[in-house]
Structure formats: C-alpha cells, structure tokens
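*Asks:* Just a sequence and a predicted model for now, questions to come.
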Amino acid sequence: MSERQSGRGGRRARGWAIAGGVTGGIAVGAALAYGVPRYLARRTRASSADPYAHEPFEMPPVNSVRTVEARGGASVHVETAGPEDAGLTVVLIHGYMQDMGTFYFQRKAIADAVRGGVRLRAVLYDQPGHGRSGGLTRTEYSIEDLAEILHDVLEEAAPEGPLVLVGHSMGGMTIMQYARLYPEEFRERVKGVAFLSTSAAGLDTVETKPMRALRRLRRTVLPMLQQVAGWTPDLIDRSRLLAGDLGWLLTRKAAFRSPNPPGSIVTLVERMNRRTSIQSIVGYARAILDHDATAVLPQFKGLPILVAVGDGDPLTPPGHSRRLAEALPGSRLELIAEAGHSPQLEYPGEISQLLLEMIDKVAAEIGDGPPSRAAQPLEGDRGRHRRWAPFSHGHHRDS
C-alpha cells in the first residue's frame, strides 16, 4: 500500500471515529448538560400513581427456557408458559426495539386462563438482536429472515398442533412473511391471528417524526456501520446507556399517548429500547420501510383475525390497520382509545381480553374444550365482556 493510500485510509478512519464520537457525544452531552432531566425523571417516577409498581416484570410466568440455534447464526432466546401437552399454542412475536417483555400482561393472562382450566400454552421469543437473543451475522436484516427464524422456533418449541399467532408491529410483519414462505405449514397449523399495531405496506410514506427519524437513520448511520469496525457502534451504545434519565423522559413523551403513563411501564419500554443495540436499530430500518406483504393477505382468508391499534400510534398509524382489516374480510378491528404504539402495555386488560376472546373462538372451532370464563359476558352486562381487573383501561386511566 502506498503512503498516499495509507494516509487516506488513516484520515478516513479518523473521520469515522470523530463521527462516531460526535454521535455518541450528543447523548452524553445532553445527559450531562441538563441536570433537569434526572430531577424530572425521578420526580415523575415517584409522583405517578402506578398500579403496576409491584409487577415482577423480570420474573414472568414461565415453564421452560431454551436457546434455539436458528439460521443466520442467531442464538434465539425462547420461553414457554403453560403445559407442554396443551391443545392450542399461542405464539407471541414482539416488534422493533422491544422484546418478549412487551407481552408480560398477555403472558400473565394466559397463565391465569391455564390455572382456570384452559388447555393453553404460550411461546415467546426475542427477535434477533433484541433482548437476550444474538444478532445475525450481517449488517442488514430482512423480514424474510425473521419469518425463517419464526419457523425455526416453531420447529423447536411447538413442532405440532394448532397455533394462534400474535404479532406486534414488526412481529405482525413477520407473520405475514411466514405465511408467504411457508404456505402449507401456515394453512395446516395456523387457526387464528392477531395483528397489533402493524402494517402490510407503505411505512416508507408515513410522515410522523419517528418514521422520518428512521428514514434518516437508514440514509446516514447505515453507511457508517457498513464501513466502520464494530467499536464505533459500541461507543454509541455506551453513550445511550449513560443517558438513562434523559432516555426515560424521551420514552415517556414519545412512546405513550397518555399524558401520565405508569412509571413502571415507561421503565419497561425504555429498558427494552436501550437493550437494543444501534447495530440492530439501524439493521432493521430497511426491512421495516420496504415491507410489502399485500400479495400474501388472501392466505389469511377464513381465519379468525384480530386487528388492534392505538388511536395515537405514530409508528404504524391507525389507517394502516384499517386498510389491513379491509383486506381481511371478517376480521375484527379494534381502535384502542388514548393508546400509542404499544396498547398491549398501555391498556393491557383490553388487549388481553380481545386476545382471549379470539383464542376462545379458535378453541371452540377446533373442538378443544369450553371457552375461558374470562371471556364470558357477565349476567346482566348486555353483551359486554368482562374487563380484567386490575388490568383494565378504566383502572389505568383512573389510577
């Protein structure tokens, strides 16, 4: 290598190092420059009435824990709740920058149903590069990658029997691509689907601040990660960890529609976001923005389908769920009032109730025992369904 080339390479490396340092320094500088964020975060945590303050989010109901060595080199963390010989398995697939913890309340609701005599089992896993799962061995991921990993998880943790698939955000996209890549298995085994805050196509045209930020990440940070050694993303991640209180306040403002969400739920979401590396955050950007599964939607015809979305969702706006429901005749569309992108956490009782009602319908269709008592209307309730105290919309709002 000539001295000129060596000099150019050195300058380029220094330039990327400076860029990485500046990117990470923004978060550190913000955290250090404002003594206010730490004070406000702690005050907000302490002052908020929090019905979930004592929930053991790090210790959810679990019957088994395993690691699935999936294709692409990913070690996928998988957990199950409920009996191994249950007649119906519910697979819960989380979304972008979260992990299986986003379904804490739904896992708890399923465990309660099992204790009530329902033969039901839940399978949850962390998507590659999220939670306790390792990443793939390339810079960018695709939704097809995630569909193949879903297939690998099912082969290991639920190799036979009927399934209900529940996908939040990117998890719903995963289900759509699974149906496209494995049509025979999908047709044979999947008996019901729930799409929470997801989209079949068109997220690259959403003009909200979070989606514009995702497009900027794709244009600016992705080229850096493709050319620079791994230490630069690590530097950015360390900076993100240092900016904890600022991150908490930003999560509280950006991720929730309610003006006063429970502090414990904000902490849960902020922790999931922070555990997702910048490599994964950027690596999924193209997959999400380019996702288009409209051609596969006819394969869902005839299935019990729930489509639910928060009325204030800035990432997958309600119009996307409406179009999805319109493309799936007979599906049930539910707009969750005063909710953002994660209604399963903001109003867990409503989502748990809706899921259990759909699961009961599936169980009745496959002839697997009586419906869950939790989904039965109360006498004199004029057809309305029981709310799951203390996890109800009303309880959350009034607390």
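*Replies:* Right, received. Where do you want to start? Numbering: from 1, shown residues only.

*Asks:* looking at this structure, which helix or strand is least sure?
*Replies:* helix 393-398 (a mean of 38; mean pLDDT, DSSP states H and E).

*Asks:* Any idea how far stretch 49-66 is from the middle of the chain?
*Replies:* Relative to its parent chain, stretch 49-66 has a centroid offset of 17 Å by CA atoms, centre = their mean, to the nearest Å.

*Asks:* and if you look at stretch 311-319?
*Replies:* 15 Å.

*Asks:* buried sites along it?
*Replies:* G312, D313, P314, L315, T316, P317, P318 (16 or more other CB atoms under 10 Å). Yep, even glycine has a C-beta here, placed from its N, CA and C like the rest.

*Asks:* now those in a markdown table, with distance to I351 and pLDDT?
*Replies:* Shown next, in a markdown table, are these (distance: CB to CB, whole Å; pLDDT from 0 to 100):
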| residue | distance to I351 | pLDDT |
| --- | --- | --- |
| G312 | 15 | 93 |
| D313 | 13 | 91 |
| P314 | 18 | 89 |
| L315 | 17 | 90 |
| T316 | 15 | 93 |
| P317 | 18 | 93 |
| P318 | 15 | 95 |
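
*Asks:* Mark which of these are part of helices, please.
*Replies:* P318 (DSSP state H).

*Asks:* Of the buried residues of stretch 311-319, just say which sits nearest to V190.
*Replies:* T316 (21.6 Å; CB to CB).

*Asks:* check contacts around the closest one.
*Replies:* Residues near T316 by CB atoms under 8 Å, 6 or more residues apart in numbering: S169, S197, T198, S199, L203, V206, V309, H341.

*Asks:* Buried only: go through those for me.
*Replies:* Applying 16+ other CB under 10 Å to those flags S169, S197, T198, S199, L203, V206, V309, H341 as buried.

*Asks:* roughly how far apart are the fourth one and Q279?
*Replies:* The reference is to S199. S199 sits 24 Å away from Q279, going by CB to CB, to the nearest Å.

*Asks:* try the fifth one
*Replies:* Using CB to CB, L203 is found at 21 Å from Q279.

*Asks:* Look at S199 and tell me its secondary structure.
*Replies:* coil (DSSP: H, G, I helix; E, B strand; the rest coil).

*Asks:* Would you agree it is in contact with H320?
*Replies:* Yes - S199 is within contact range of H320, at 3.9 Å (criterion: CB atoms under 8 Å).

*Asks:* Would you map the strands across this protein?
*Replies:* Taking DSSP state E, the strands of the chain run over residues 64-69, 75-81, 88-93, 120-125, 163-168, 190-196, 305-310, 332-336.
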